[in-house]
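Novice: Sharing a model that was predicted from the sequence below.
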Amino acid sequence: RPSASGHQPVRATRPVSQRRPSTAPAAAAVRRPGARPVPRAVRRFPNPRLTGLGCGLFCGAVMLVLGHLDALLLGSSLTVYSVLFLPVCALTAVWVRRSELMTAPVVVPIAFAVGLVPVADEGGGIGGHLMGLFTALATQAGWLYGGTLIAGLVVLVRRARLVALRAAARRRST
């Protein structure tokens with residue numbers, strides 16, 4: 001790019017014969033055989049791979065933040081909190097590593113309960129707060145089961161796809 005004065009910056013480049021070969025694999029070499037190319041719009045989305053612990057921390061932290069925001073902005077609306085729980089479950093199941101897929105359906109109910117702490121406020125003292133927490137868990141059980149089911153279904157689909165890809169790779173190699 002030209003600088004503010006309009007001059008092109010001078011770059012010191014090596015002749016082609018002296019350049020080191022790139023260690024980064026070509027895009028075609030990275031792509032798995034038989035896999036369809038990913039559309040450009042999908043490639044822009046983040047694609048982290050969380051460990052089991054990272055999955056639990058992510059889901060728990062997001063639900064705790066959503067619980068605090070719900071309590072602060074909406075006056076502790078359990079329905080809004082529960083609806084926001086569903087996409088968090090889906091993201092958690094999508095972002096967990098392949099080798100730790102079964103942790104997602106385990107951590108999402110725990111994260112739901114963690115995030116309920118600021119939302120479920122029903123009385124004075126620790127006894128009243130615990131009573132509010134248990135009441136919220138009981139009344140929002142449908143949302144809790146739904147989110148856990150979403151995480152479980154995403155994990156099952158990912159696992160079935162992984163098994164199918166491995167079987168296809170074995171058939172090709174023999």
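Specialist: In hand now; what should we look at?
Novice: Just the buried residues of the longest helix along the chain, please?
Specialist: Longest helix in the chain by number of residues, with DSSP state H as the criterion: helix 141-173. Neighbour-count burial for helix 141-173 flags 143, 144, 146, 147, 148, 150, 151, 152, 154, 155, 158 (criterion: 16 or more other Cβ atoms under 10 Å). Every residue, glycine included, has its C-beta placed from N, CA and C.
Novice: what's the pLDDT at the first one?
Specialist: The predicted structure scores residue 143 at 95 on the pLDDT scale.
Novice: I figured it hits residue 85, correct?
Specialist: Yes. The pair formed by residue 143 and residue 85 meets the contact definition of Cβ atoms under 8 Å, at 6.1 Å.
Novice: Mutual contacts of the two, please.
Specialist: Common neighbours of residue 143 and residue 85, counting by Cβ atoms under 8 Å, 6 or more residues apart in numbering, are residue 112.
Novice: which SS class is residue 121?
Specialist: The three-state label given to residue 121 by DSSP: H, G, I helix; E, B strand; the rest coil is coil.
Novice: Would you check how far apart it and residue 70 are?
Specialist: 11 Å (Cβ to Cβ, to the nearest Å).
Novice: Common neighbours of the two, please.
Specialist: Counting by Cβ under 8 Å, 6+ apart, the residues touching both residue 121 and residue 70 are residue 76.
Novice: Between those two, which is the more surrounded one?
Specialist: Under the neighbour definition other Cβ atoms under 10 Å, residue 121 and residue 70 were set side by side, and residue 70 has more, 22 against 15.
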